[in-house]
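**Q** Dropping the sequence and predicted coords here.
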Amino acid sequence: MGGTSRREFLKMTVASAAFLGLCGGNEDIILNALKFQPSIEWPKPIIMEKFYTTCGVCHSNCGIIAHTEDGVIKFVEGNPKDLHSGGKMCAKGIAGSYLPYAPDRLKYPMKRTNPEKGIEVDPGWVTISWDEALNTTAEKLKEVKETYGPQSIIFIANPTCYVERLRKAIGSPNKITHHDTCIITHVVVEKFTIGAKLWTYDFPNSKYILCFGWDQPSKAKVTLTRRFIEGKWKGAKVVVINPNTTLMSSQADEWIQIVPGTDLAFALAMINVILNEGLYDKGYVEKYTNFKEHESEIRSWASQYTPEWASEITGVPAETIRRIAREFATIKPSVIPIHKRDPPGPNYANSWKLVHAILILNALVGAIDNVGGWLFTKGVTFPSLDKVFPPPPYPEPPIKEDICGRVKLPLLDKVKLGIFSTLANNILNKKPYEVKAAIIYNYNILSFPNPKKLVEALKKLEFIVTIDILPSESVQMADIVLPDCTYWERKGYSARIYNGWYPQVSVFQPVINPMYECKSAGWIFCELGKRIVPEYFKKPDGTFFSSSDYIEASVKQALGISFEELASRGLWDKPGEFKPFTKLESMAKAGKKIQVYGETFKKYGYDPLPSWQPRRDKPTAEYPLYLIITRPPVHRHGKTTDNPYLLEAYPENAAIIHPETAKALGINDLEWVWVESRVGRVKVKAKLFEGIRKDCVCLSHGFGHWSRGLIYGYGHGANDGDLVPDQTIDEILARKDPTGGACMSDVCVKVYKA
Amino acid sequence: MVEKLSRRNFLKAAVTGAGLAALFTSPITLSKAEETVNSYTKKPKAILIDVRKCIGCKACQVACKVWNKLPAEETAITEDEYTNPTGFSANTWCYVKFSEVKDEAGNVSWRMASVRCMHCLEPTCVSVCPTKALKKLPEGPVIYDPNRCIGCKYCVEACPWHVPHFDEERKVIGKCIFCVDRIKEGMVPACVANCQTGALQFGDRDEILEKAHNSGAQYIYGEKEAGGTSMIFVSDVPFEKLGFPKVPYEPISTYKTDLLKSISGVGVATFIISLVGYFGVKMLVKRKAQVKASSKGV
């Protein structure tokens, strides 16, 4: 009747319980009916310590911010105020935060106990103290110097100011650097035709970008890629000349599959057309170049290089060459960028001439020091170590001639860079003299052409000390190993002249304390200096200087602020907008002009104009295919091919080959093959790809680690360098190459099933 | 008298039951209620992925791994030279898919797409998850609570893009969470933060759609698939050529599945037992009364 009895209440409770059971325990369905469903509480990122520093994976040196918690790097991001990178990082930089924590990282000084040295030989490392390591090294080097003379000590070392101080103080002429495999064609040609570095481009304002294999966006070079994409999307026509399809050629409006190593012929034909049809910028050319003074000779020289002539050599139709020449000269601003991994780098015997030809082309259209064009590098000059802590007069080296033969290349000797490609031969032949000891720093022997020969050569030495971060192949050949700090653990700065459009200095500072017993290379060289040539490592007041002292003084002198201030800011800008023709005007006033006609080259007995010269190695019956070398976007030579994050993204190289070529050789996709050249052979998987020329094989660089110390990197892929011939100084002289370039892609191969 | 009380009580029980049943069997009403509340709280986000601008640098892929502390996997070169890892896993939430394309002249070029969970507006995975481990947030992310995941793998089967994958060791699924921890702090997702060409952009979904339509690209994907997603791809090449599946425009989650997930064996058993109990007790009482009445000899 009325009211709710106890019984009714119980019945209602039972019914409700039944209903809840029906919901499968999801009582929040009821709650949802009543209110908004709460989100899962995700953990908030903890506020961490922030440090400005610089990425040290490549020379772009992008400004970055590291976040640490309890002294451990937790997170890394780009510095949004970086004018070069715009706050972006590439995969290599992001994964770089793994490096300090790599379990196979060098942790303590070590000495070798196994006297045998060689590929895959276990050195029998024993950990020693820093004192023992430094004292042994110093004693050994002093002994070698006294017994054989200072020239018997070679520095296969990145030439930092401390390395150079030590080398000059010891009296060794042997500054052996990698530049002949890298940037030497640019450095020498630019220095002796224009007198300055041209390393950056105003892509955002370009309307026509012509690439002789220029491939930097394929390598994810943030500062260049950003600007290239901006220019392209603002309407620039992009033309890529490359025998292989790449990530960059995929961005091109027009792609031309040229015969590898013949880009010079294409460029010469372009000069021919532009001069014949009067398409060059007469006012600019007359004012800023020496064209007019040599006009008749230049025209007569260019007249032989018709598009029809070039077509025979390059395989590109004459009309295409003619049209591209006209487009380049009339769709303006136009520019031809160059880099070190493309034909203008020291990759072919005619590469230095290609740089000169490209310089002439860029000058003819008025692209140099101009909007949308090829810009002079602007940097910030830092005082040298010699200026901050002046040394006593350096000793006169008893033998001035270097082991590589650089002294025989006068223009190369002026820039004092190189040479890798002749080192092994000269050590083995003991010409011009014997070497007994080596200091290897920041170079891996796998970077050399034909590194197996270098391994044999290094076996002849009595003593090798290697300073490195990971147990690279250079480490495996050493007697004493000294563990270097990563770029996360040391102090310094980068003036960033490479790609340096905006003069902006970026700081390196320790974001974590050096791990284990690692020490910065600066400290290591100063400690060696103290023990071997102490007088050269002192401050004016007689006490020893540290690398830290130099860094602090140099920052103060160059920027007018303390190092701490720079570290708290991260980036230091030199204000000033780009004004076209500033540098060209000051050059013209000083009576200096761009040497379209290479007067300096002529003076030293080299070709004043880039006359046609073919590549060194051409296909033969035995070696019918052209080798092309490239790099994947996630790797930086062999430095990153031990990083599991980057190996996951690109685990191994393969022989990229056209399916028709492969079929004729009986090779299927992903089958093991040998790729063999006249100096060596490597075993890799074949990768069939329609985008490559049928007469080419392509390998990516950075693989083939044989050091068993590299727990991830060992055994992935093969080293393309094993296919690249080393050189003698005589053959460099014979082809009249002032740059001593290593011809890193100038070889032909055969491919067959393994 | 006993009969009258039984009927009334029965009616009371029935009305209560029916009312509550009506309430619980209307999840659509439920989600509409949520929607109205949510549209006042946060605007849904999206990512624009411009295949034309992607340079294949894999910064997005590596940044995702490093930010989310996911382990690197061992890989080997496959039919695609560049695509690695070759698909989603519990530990690979974002990867760059490379495709070879040919123009009319037979020129080969690469097109790259940074793929990840689509963060659908009406996620199929959320609708099939029996424990509500997967949830759709108003800001867009479809996230999951690993503690609720029971490893039934309904979501793995249900997703049209095969995104969620099950980690056999940790017994939970893994997939992109749209950097919910970053976007709640006003940061962009890790993949977008490092895109050097601007191929990846992050913003409000309506703005992203506007950008996509004004981009000049011929093809768009992700706007309507499965009822609409938060990942809007644009390309100059048809998406079939890039290996993207054809997904219908209707949302795959349905009322039926919502209802199904609410029914559990325990619930059914409790309901039957309660009914039996109720009527059983009622009959016993009636029987007792009948016995008493007959024994009294009225």
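**A** Arrived safely. Numbers count the residues shown, from 1 in each chain, chains lettered A, B, ... in the order given.
**Q** got a list of what residue A:319 touches?
**A** Taking Cβ atoms under 8 Å, 6 or more residues apart in numbering or on different chains as the criterion, residue A:319 is in contact with residue A:307. (Each C-beta comes from the backbone N, C-alpha and C, glycine too.)
**Q** change it to 10 Å
**A** A:307, A:308, A:311 (Cβ atoms under 10 Å, 6 or more residues apart in numbering or on different chains).
**Q** how many neighbours does the second one have?
**A** Spelled out, that is residue A:308. With neighbours defined by other Cβ atoms under 10 Å in any protein chain shown, the count for residue A:308 comes to 13.
**Q** Check residue A:435 too.
**A** 24.
**Q** My guess is it contacts residue A:424. True?
**A** No: when contacts are counted by Cβ atoms under 10 Å, residue A:435 is not listed as touching residue A:424 (11.2 Å).
**Q** Need the residues touching each of those two.
**A** With Cβ under 10 Å, 6+ apart, residue A:435 and residue A:424 have common neighbours A:457, A:458.
**Q** Which single residue in the stretch 301-450 of chain A comes nearest to chain B?
**A** residue A:320 (12.6 Å; Cβ to the nearest Cβ).
**Q** SS state for that residue?
**A** helix (DSSP: H, G, I helix; E, B strand; the rest coil).
**Q** Nearest residue to it in space, ignoring adjacent ones along the chain?
**A** The shortest distance from residue A:320 to any non-neighbouring residue, by Cβ to Cβ, 6 or more residues apart in numbering or on different chains, is to residue A:256 (6.8 Å).
**Q** Could you give the bridge partners of that neighbour?
**A** Beta-bridge pairing of residue A:256 under DSSP bridges involves residue A:241.
**Q** isn't it right next to residue A:321, touching?
**A** Yes: with contacts counted by Cβ under 10 Å, residue A:256 reaches residue A:321, the gap being 9.1 Å.
**Q** nearest spatial neighbour of residue A:217, skipping sequence neighbours?
**A** residue A:225 (4.2 Å).
**Q** I meant to write residue B:64 there.
**A** residue B:94 (4.1 Å).
**Q** swap in residue A:525?
**A** Per Cβ to Cβ, 6+ apart, closest to residue A:525 is residue A:162, 3.7 Å.
**Q** so what's the residue nearest to residue B:64 up against?
**A** Counted by Cβ under 10 Å, 6+ apart, residue B:94 has contacts B:58, B:60-65, B:68, B:70, B:88, B:114-117, B:175-176, B:189-191.
**Q** For it, list each beta-bridge partner.
**A** According to DSSP bridges, beta-bridge pairing links residue B:94 with residue B:116.
**Q** Can you tell me how far it is from residue A:214?
**A** To residue A:214, residue B:94 is 29 Å away according to Cβ to Cβ, to the nearest Å.
**Q** now do residue A:197
**A** From residue A:197 to residue A:214 the distance is 17 Å (Cβ to Cβ).
**Q** Could you pick out the residues of the stretch 101-250 of chain A near chain B for me?
**A** A:216-226, A:228-230, A:232-233, A:240, A:244-250 (Cβ under 10 Å from any Cβ of the partner chain).
**Q** Filter these down to just the buried residues.
**A** A:216-226, A:228-230, A:232, A:240, A:244-250 (16 or more other Cβ atoms under 10 Å in any protein chain shown).
**Q** Now go through those residues and say which are in helices.
**A** Among those, DSSP state H puts A:222, A:223, A:224, A:225, A:226, A:228, A:229, A:230, A:232 in helices.
**Q** would you turn the residues you listed into JSON lines with pLDDT and distance to residue A:683?
**A** Below are those laid out as JSON lines (pLDDT from 0 to 100; distance: Cβ to Cβ, whole Å):
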{"residue": "A:222", "pLDDT": "93", "distance to residue A:683": "34"}
{"residue": "A:223", "pLDDT": "91", "distance to residue A:683": "37"}
{"residue": "A:224", "pLDDT": "93", "distance to residue A:683": "34"}
{"residue": "A:225", "pLDDT": "94", "distance to residue A:683": "33"}
{"residue": "A:226", "pLDDT": "93", "distance to residue A:683": "38"}
{"residue": "A:228", "pLDDT": "96", "distance to residue A:683": "36"}
{"residue": "A:229", "pLDDT": "96", "distance to residue A:683": "38"}
{"residue": "A:230", "pLDDT": "95", "distance to residue A:683": "42"}
{"residue": "A:232", "pLDDT": "97", "distance to residue A:683": "39"}
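**Q** which one is residue A:432 nearest to, not counting chain neighbours?
**A** residue A:401 (5.5 Å).
**Q** Any idea how many residues pack against that neighbour?
**A** Neighbours around residue A:401, by other Cβ under 10 Å: 15.
**Q** Contacts only, for residue 234.
**A** You didn't say which chain, so I picked chain A. A:203, A:204, A:205, A:206, A:207.
**Q** I was thinking of chain B, sorry if that wasn't clear
**A** B:48-53, B:199, B:211-213, B:215-223.
**Q** Mind doing that once more with 8 Å?
**A** Contacts of residue B:234 by Cβ under 8 Å, 6+ apart are B:48, B:49, B:50, B:51, B:52, B:212, B:215, B:217, B:219, B:220, B:221.
**Q** Residue A:661 now?
**A** Applying Cβ under 8 Å, 6+ apart, the residues near residue A:661 are A:625, A:694, A:695, A:751.
**Q** same check, this time on residue B:116
**A** B:64, B:93, B:94, B:95, B:163, B:176, B:191, B:231.
**Q** now do residue A:166
**A** So residue A:166 contacts A:155, A:439, A:525, A:528, A:529, A:532, A:533, A:536 (Cβ under 8 Å, 6+ apart).
**Q** Lovely, talk soon.
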